[in-house]
Structures are given as C-alpha cells and as structure tokens.
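1. Sequence and predicted structure are below.
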Amino acid sequence: MYTIDRGVYGSRIIFYSTIPIEYGLKIKRLWLSLSRITIILAGIVFVISLSALICSQLINNHVANKISGSYQYQYAENSAPSTNPISDLTFNNYKVAANRPRYIFISKISTKAIVLPLGTTKTNQLLAPPNVFAAGWYKNSALPGKAGAMLIDGHVSSWKSHGVFYNLKKLIPGDTVKIQRGDGAELIYKIVKTQVYSSANVDMKAAITPIISNKPGLNIITCTGKVIPGTNEFNQRLIVFTSQL
C-alpha cells in the first residue's frame, strides 16, 4: 500500500511519498492544475460581480440623465388629479406584470395603494399619478428586489383631499415599507434616511440610486413645504430613502 504525507514549511508545500517518483510528479502536476483552475474561477466570479455593479451604476446614471433636475408634478392627463377614492374592488382586482410593483403598504401611516407605472413628459418631468390615492412607479427605475433603486412618487394632497403620501413626513429611520409584486411576492424595505430638497433643486440622481450601494433600494418622493403663491405647486420635495432587508 502506498501512502502520501504532507508537510507545510513556510509557503511551500512539500510532499513526502513512498510511491514512485513519476506518480508523485503526476500528482503534483494535477494539484497545481487544480489550484490554477480554482484561481481562474475565483477571478471569473469577481469580474462578473464587478461588471454587474458597474452596469447597475451606468444604468442609474443613464436614467438620472433622462429626468429633469427640477422635480415638478405633471399629471398623466395634463389636468388636476382625481380625488375619487379607489374602491376595494378596483384595489383587489388591480394587476401588473409578475416582476413589477403592484401595491405599497406603510403600516405606520396607514398607507396602502396601488402602484401605477409612469414615465416622463416630453420635457423630462416625472408624471404623477392621475389619482391622489394612487402611487406611481417610475418605470425606468429599478424593479422590486433588483439592483438599483425603485422610485415611487405620489401626491401629498390636492385642494380637496389629503394624498396617498400626506403623512410620509412622519416616517423616521428604522420604519419599514412593504412592496408587493405582481406575482404576490412581498419585499420589506427599511428607511435609512429622509431628506427635504428645494423644489427647484431636487437631486434626481440620488432619487434613483440605492442608499446602500450593494442592496436593492426603494426611494419615495412627494411634495412638502408650502404652496407657492399663485400656483398649485409646493416649494419643497421630500425623499424617503430605504434599503431592502
């Protein structure tokens, strides 16, 4: 019977063997080949991970460039949003694609709303939901649970009614938000920080960037502050930055 003993000396691995030299050399060459393969595979995994991170950042930058730096509400039908409550039947029957956000729930402020896919106007202003009780997902931002950050917007109020995000300002770091996708999967996000911007100086790149770079994010934006005299616009914007648990 042949046996092989291994001894470690410094960074060298020395093989002591009673088997013939030619077999020992073959085993040594096999060992070195396996080591090289392991190193190559580790390198491939690293490159793939780095590429995914860079790709996500490039996508975020591209999306940010498509949105105007001055976030203003533009209604889907160029008119004031509806203040008609969304019925339970409409809520329960609302459907979206399996990988898209369907509902948003924020238990602390008793918020539950359908999430409509929305884009931008010809002047790159984000469209706002056509109903004050609905939320809107910017469809060029990330999908739920995927790299990057979803951007969800909604109304704080109208002249007649409080909007879906009227109490968003009450949220603090540590509170949670739940998103349900079209396939029924539920994702939980924890609030990391909130930030108020001037309406003329909203950081839209930050709005579609995850607050924690290696985790999927969800950022929620709404109006806050005071109504600008002679307009129906508020003078500030609130963004709640969250990260998926």
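-> Cool, the structure landed. Numbering: from 1, shown residues only.
2. switch to C-alpha atoms for all contacts and neighbour counts from now on
-> OK.
3. Show me the contact partners of the lengthiest strand in the chain.
-> Identified as the longest strand of the chain according to DSSP state E is strand 186-198. Residues from elsewhere that reach strand 186-198, judged by C-alpha atoms under 8 Å, 6 or more residues apart in numbering: 144-145, 171-180, 203, 211, 217-218, 235-245.
4. Summarise which helices and strands the helix or strand following it is packed against.
-> Going down the chain from strand 186-198, the next helix or strand is helix 204-207, by DSSP states H and E. Counting contacts by 3 or more C-alpha pairs under 8 Å, 6 or more residues apart in numbering; DSSP states H and E, helix 204-207 packs against helix 21-66, strand 217-227.
5. lowest-confidence stretch among these?
-> Mean pLDDT is lowest for helix 21-66 among the helices and strands packed on helix 204-207, at a mean of 48.
6. which residues does Gly119 contact?
-> With the criterion set at C-alpha under 8 Å, 6+ apart, Gly119 makes contact with Leu126, Leu127, Tyr138, Lys139, Asn140.
7. separation between the third one and Ser87?
-> By that I understand Tyr138. 24 Å (C-alpha to C-alpha, to the nearest Å).
8. Who has more neighbours out of those two?
-> Between Tyr138 and Ser87, counted using other C-alpha atoms under 10 Å, the more crowded position is Tyr138 (22 against 9).
9. Hmm, Gly154 and that one touching each other?
-> No: when contacts are counted by C-alpha atoms under 8 Å, Tyr138 is not listed as touching Gly154 (10.8 Å).
10. that older thread, would CSV of the contacts of Gly119 with pLDDT and distance to Asn92 be doable?
-> Converted to CSV, these look like this (pLDDT from 0 to 100; distance: C-alpha to C-alpha, whole Å):
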residue, pLDDT, distance to Asn92
Leu126, 84, 26
Leu127, 85, 24
Tyr138, 94, 22
Lys139, 92, 22
Asn140, 92, 25
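11. Tell me which two in the residues you listed are the farthest apart.
-> Greatest spatial distance among the contacts of Gly119 (C-alpha to C-alpha): Leu127 and Asn140, at 12.1 Å.
12. out of these two, which sits in the busier spot?
-> Per other C-alpha under 10 Å, whichever of Leu127 and Asn140 has more neighbours is Leu127, with 24 against 20.
13. In terms of helices and strands, where is the more buried one?
-> strand 127-128.
14. same for the helix or strand just after that strand, what does it pack against?
-> The element immediately downstream of strand 127-128 (helix or strand, assigned by DSSP H and E) is strand 135-138. Counting contacts by 3+ C-alpha pairs under 8 Å, 6+ apart, strand 135-138 is packed against strand 111-118, strand 149-154.
15. switch the cut-off to 10 Å
-> Contacts defined by 3 or more C-alpha pairs under 10 Å, 6 or more residues apart in numbering; DSSP states H and E place strand 135-138 against strand 101-106, strand 111-118, strand 127-128, strand 149-154, strand 217-227.
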